[in-house]
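J.: show me how the following folds:
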Amino acid sequence: MNYLKIISFVLGYLISLTVSSNDNLDRERLNNLLRAPLGGISNGVWSSALTSYLSQCEGDCPCALVIAEGDSGDKHSTDMWIGTFKDGQPTELWAGRSARHAGENTVNVSMSTDRCKTRNGVAEVRGNQACIPNRACRPASVYRALIRELGLPDGVALTSFYFSTPMQNEMYKFHDFYACSESRCPSTLGCLGLERQSMKALCLNHMGSNGSNGIDAPERGGVWLYFHNTGRPQSNSGSEAQAARGLANLANGKCSNVSTAHLSSGQIMSPTSILATNRGSRSSGRGPASSSGGGGYAAMQQGLQGVQQIGTAYQPQDEKEEEEGSQQERESFEVISNQCAETTSKACPNVANTTIRDYCRDVERYDRRACEFEEK
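T.: Below is the predicted model:
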């Protein structure tokens, strides 16, 4: 009997040593991650966001993380990093600048997102005008062009964005918006905006889509959103002990089927070593935006309808439309072309106006990556 007690004691001791050793290894791996911010995110926000997110993975967690950090000197812009921790290593799916309006939204968010949907009110069409509640009326073809740009069915209701998820109590959204780069982004009404094709890819590769935008897609792993504006969110902050266990779960196979396609290029991305230098940290300068204004390849990889770009979205559909609507189409094209030029020039102030004008009039002629425009 004494022998059994001794054996039991020794086994228990050995097990406790193994558990302690594993715990120490998990904490060491977590500490390596917390000290290696990516994508222009500052050390403090990166550490808080990862602690919050990975703590959720102690149980059943979303498989992708969005970190959006407001710039204190620019209320219209954020640095954003989107990635996964499949196999316990960070894999960057997108990094760059995104839009916001900090003067309208000062709430800090740490939350799981819902499936993507349309938002911002459905337009009432009056003749050739589409009138969204609390917005100025505009030519209906402007909104129809947005539908075509995103590759959505023609019958989808007209509204100003089609891929969105609640960011705070349904009042503010995380949604498709205009592309921007290192300089000030176009202002939103307080929501968080990501370049349209990248937001579409995020929704269809990770969040899912509820059908109101013409695409019914299941959640593919889900997304955790950390939107830092004035401080650390009060809820869902987690702890380093929970985060270490969550990271261990991810390293051991949780979220193993999550997509690692880049949200702009569709390229399958490889993990970033946690031992790498802080190449994207704010202390070493902002990294360049990796968003492209004409991406969507990740979405097309899933068999979805190809994207119709801005410059060709206004072509007549048949002879009758060509006869009756050619003037309206030209006017609508000028509206969206001018909008494109305005937002692109703000995003890329060092690019010649002639290049931006040519790009906005015929997007398909160009390969674009951030503020580099190359004719095909």
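
J.: where does this structure have low pLDDT?
T.: 1-23, 182, 273-333, 335-336, 339, 343, 346-347, 349, 364, 368-370 (pLDDT under 70).

J.: let's see that with 80 instead.
T.: 1-25, 71-72, 169-170, 181-183, 234, 273-350, 361-373, 376 (pLDDT under 80).

J.: which residues in it form helices?
T.: 2-34, 43-56, 140-149, 196-202, 240-251, 297-301, 319-347, 353-361 (DSSP state H).

J.: list the helices and strands the fifth one packs on?
T.: Think helix 240-251. helix 2-34, helix 43-56 (3 or more Cβ pairs under 8 Å, 6 or more residues apart in numbering; DSSP states H and E). In this view, the C-beta of every residue, glycine as well, is placed from N, C-alpha and C.

J.: tell me what the shortest one is packed against?
T.: Contacting helix 43-56 under the criterion 3+ Cβ pairs under 8 Å, 6+ apart are the following elements: helix 2-34, strand 64-71, strand 109-112, strand 223-228, helix 240-251.

J.: what pairs with the second one, parallel or antiparallel?
T.: Applying DSSP bridges to the sheet, strand 64-71 is found paired with strand 74-84 (antiparallel), strand 223-228 (parallel).

J.: quick one: contacts for Thr344?
T.: Ala179, Gly293, Val351, Ile356, Tyr359, Cys360 (Cβ atoms under 8 Å, 6 or more residues apart in numbering).

J.: give me that answer again for 10 Å
T.: 178-181, 186, 293, 351, 353, 355-357, 359-360, 368, 371, 373 (Cβ atoms under 10 Å, 6 or more residues apart in numbering).

J.: for the residue nearest to Glu124 when sequence neighbours are not counted, grab the count of nearby residues.
T.: Closest residue in space to Glu124, ignoring its immediate chain neighbours: Cys131 at 5.0 Å, by Cβ to Cβ, 6 or more residues apart in numbering. Neighbourhood size, Cys131 [other Cβ atoms under 10 Å]: 16.

J.: and Cys131, how close does it get to Gly121?
T.: Cys131 is 9 Å from Gly121, where distance means Cβ to Cβ, to the nearest Å.

J.: just Ser110 next, same as before
T.: 28 Å.

J.: neighbour count for those two, which is higher?
T.: Ser110 (23 against 15).

J.: any idea how far Gly238 is from the more buried one?
T.: Ser110 is 9 Å from Gly238, by Cβ to Cβ.
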